[in-house]
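S.K.: Show me how the following folds:
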Amino acid sequence: MISTIFVLGAIFFVFMAMQFHLFRRYRKTGAEPSLYLGVTCFLWALASFFGILISVTTSLNILSLTILFYRVSTTSGLLAYVFLNLFAIAMLKSYGKKRKIWIVLIPFFIVILIIWVFDPVVEGIVRGTTEFTLTSLYKNPKGLPLIEAILVSMVVIAIYPVYLLFQISKATKDPVVKLKSLLMGIGMFIGTMAYAVEVTSAVSYHFMPIYRPMIFVGAFLLYFGYMMPKSIQRKLSSRVPINVELVDSFIEEFFRYQVTPNMEIRSNVFSESIGLTHEQLRGRKFVLEFDPSSHYEKLIQDFITEALVNGEPIVVFTRKGSPVYAHLRKQKGVKFFCMSQQISGPQIFSETEVHLPLNNTPLILNVFDKLLRSHPEQRVNLVFDSLSDLLLSVGFEKTYKFMMSATEILASAIVTAVFLLNRYAHDAEVKSSLIGLFGDQISFGKNGIEAIKLSEERVIGIESHQEGSVYVERAKRTF
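M.R.: Got it, this is the predicted structure:
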């Protein structure tokens, strides 16, 4: 009994550590799969805990409590597999699949009904723990095919999420995502089948040293596949040539989860500062001239806050070490693309951060395109910090061509964008050429924000017109 309690206790603490890590990840990123897998690990830990209680009541020879703990432990373990299905459904969410949790709930309730309605039969006492079985057509005790019904139900419970995860592996061109999906699918299948044998004693308990550890092996493969260390992912990614299909898959994976935190703050904090409503803000492409000595990053914070409060995705293109990144990097609900001259291809840094090569403008344009494709019917907000860094990296000609393509890609009315330009970093001709690509121009310095030019077609109720644009009274706000 002591050895069994020790093993189950170790499993309990491992699963509790897993769920703690997953819940912490969920609080940080808001990704639904982390939540569902965290609940799964908690329920597995609960099943292990009641396994310990079964050993205790066995030693005390209290059969009624032992049966109760067997039923509770089994219910907890089976409920974990329901959440595993939710995990797989959430993983496949971006591929347009509908939620079909009913496929799993039906066999789940069948098994729960069998466990709680029919009395289990004592198979024997192994290492101080009572092992139970149920009636069967092929093994003693003979009777209703309860074991067969549970095994078939568990196969259904396992096959659906495995199918979903293998669908991800088939659809993606990213070798890291492919490997992770395969590991999760294989782990889920191994763990479920081994657990089905554990619940029913469908195989003689003499084989327990083989099938019981397989439950933990399956769970570990599933957890490792999802939580694969970034160092391993970067090594795998670095060995694969970058091509268009791989980048497409890579970006699709990054845009899979979007978080909208519940924030109690007025919903037009940015638009109000330039004399607009949030609805009037929609679809504008701003160029923001900023004074680098001012706290312009707080204005970007307002733009992001307004997007999040209104339930709209927000993506920030910046560089590590910039005031915008330093101020916003812990903001929940924001996707970051950190541009760098030190890398040659995209690299996933976390669920909310990807690194891109700054001098690869076609790749950045591809990301813009993927952003729109990932949110075809939803308002999208974008911050590009900054055009000045791009000018210094690739020169004026490439930057100008990049911006002409970017304005075409982002022309949709569902996209609101802010492109930052250092007020003092470029000569007048360069600034004038880039600013001329935008219909909306704002400025931010030590004295606050100025709405310099707002395009006529997106302004309602402002009367002064000049050459197809609307010039508004200066709106200032100091931080």
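S.K.: going forward, measure contacts between C-alpha atoms and count neighbours the same way
M.R.: OK.
S.K.: What number of neighbouring residues does residue 427 come out with?
M.R.: If you count neighbours by other Cα atoms under 10 Å, residue 427 ends up with 9.
S.K.: Which SSE is immediately downstream of the helix or strand containing residue 90?
M.R.: Under the criterion of DSSP states H and E, residue 90 resides in helix 63-91. Downstream of helix 63-91, the next assigned helix or strand under DSSP H and E is helix 102-117.
S.K.: quick revisit: mind giving me the packing neighbours of the helix holding residue 90?
M.R.: Contact partners of helix 63-91 among helices and strands, from 3 or more Cα pairs under 8 Å, 6 or more residues apart in numbering; DSSP states H and E: helix 32-59, helix 102-117, helix 146-171.
S.K.: how far is the shortest one from where the chain is centred?
M.R.: In this view, helix 102-117 has its centroid 30 Å away from the chain centroid, taken as Cα atoms, centre = their mean, to the nearest Å.
S.K.: Now do the buried residues in that helix.
M.R.: Going by neighbour count (16 or more other Cα atoms under 10 Å), the buried part of helix 102-117 is 104, 105, 107, 108, 111, 112, 114, 115, 116.
S.K.: So what's the residue count around residue 66?
M.R.: Using other Cα under 10 Å: residue 66 sits among 25 other residues.
S.K.: pLDDT score assigned to the nearest residue to it once chain neighbours are set aside?
M.R.: Of all residues not flanking residue 66 in the chain, residue 54 sits nearest, at 5.2 Å (Cα to Cα, 6 or more residues apart in numbering). Residue 54 is assigned 88 on the pLDDT scale.
S.K.: and residue 54, what does it touch?
M.R.: Contact analysis of residue 54 by Cα atoms under 8 Å, 6 or more residues apart in numbering lists 65, 66, 69, 70, 129, 130.
S.K.: and if you look at residue 304?
M.R.: Neighbour list for residue 304: 314, 334, 381 [criterion: Cα under 8 Å, 6+ apart].
S.K.: strands paired with the helix or strand where residue 287 lies, and their directions?
M.R.: Assessed by DSSP H and E, residue 287 sits inside strand 285-290. With DSSP bridges as the test, strand 285-290 is paired with strand 415-422 (parallel), strand 440-445 (parallel).
S.K.: average pLDDT for the shortest one?
M.R.: Strand 440-445 comes out with an average pLDDT of 91.
S.K.: which strands and helices sit next to the helix or strand that comes right after that strand?
M.R.: Counting by DSSP H and E, the next helix or strand C-terminal to strand 440-445 is strand 448-455. With contacts taken as 3+ Cα pairs under 8 Å, 6+ apart, strand 448-455 sits against strand 440-445, strand 469-470.
S.K.: so where's the stretch 151-300 of the chain uncertain?
M.R.: Across the stretch 151-300 of the chain, residues meeting the criterion (pLDDT under 70) sit at 171-174, 205, 230, 233-266.
S.K.: can you give me the helices for it?
M.R.: Here the stretch 151-300 of the chain has its helices, by DSSP state H, counting those that start in this stretch, at 175-200, 208-226, 230-238, 244-254, 278-281, 296-309.
S.K.: circling back to that earlier point, quick check: which of the helices and strands packed on helix 63-91 is buried the most?
M.R.: helix 32-59 (a mean of 24; mean count of other Cα atoms under 10 Å).
S.K.: what's the angle from that one to helix 63-91?
M.R.: 170 degrees (axes from the mean of the first three to the mean of the last three Cα atoms, to 10 degrees).
S.K.: List the buried residues of stretch 399-418.
M.R.: 399, 400, 402, 403, 406, 410, 414, 415, 416, 417, 418.
S.K.: Equivalent analysis for stretch 390-399, please.
M.R.: Along stretch 390-399, these residues count as buried under the neighbour rule (16+ other Cα under 10 Å): 390, 391, 393, 396, 399.
S.K.: re earlier: out of the buried residues of stretch 399-418, who's nearest residue 148?
M.R.: If you rank the buried residues of stretch 399-418 by distance to residue 148 using Cα to Cα, residue 414 comes first, at 53.8 Å.
S.K.: Which pLDDT does the model give that closest one?
M.R.: 84.
S.K.: for it, what are its contacts?
M.R.: Per Cα under 8 Å, 6+ apart, neighbours of residue 414: 282, 283, 377, 378, 379, 380.
S.K.: circling back: now distance to residue 198 too, for the helices and strands packed on helix 63-91, in TSV please.
M.R.: Below are these laid out as TSV (distance: least, Cα to Cα, whole Å):
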stretch	distance to residue 198
helix 32-59	12
helix 102-117	13
helix 146-171	11
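S.K.: So which of these is nearest residue 201?
M.R.: helix 146-171 (8.3 Å).
S.K.: same for the closest one, what does it pack against?
M.R.: Applying 3+ Cα pairs under 8 Å, 6+ apart, we find helix 146-171 packed against helix 63-91, helix 102-117, helix 175-200.
S.K.: residues near the closest residue to residue 180 other than its chain neighbours, how many?
M.R.: Of all residues not flanking residue 180 in the chain, residue 225 sits nearest, at 4.4 Å (Cα to Cα, 6+ apart). For residue 225, the neighbour count with other Cα under 10 Å is 22.
S.K.: swap in residue 277?
M.R.: Residues near residue 277, counting by other Cα under 10 Å, number 17.
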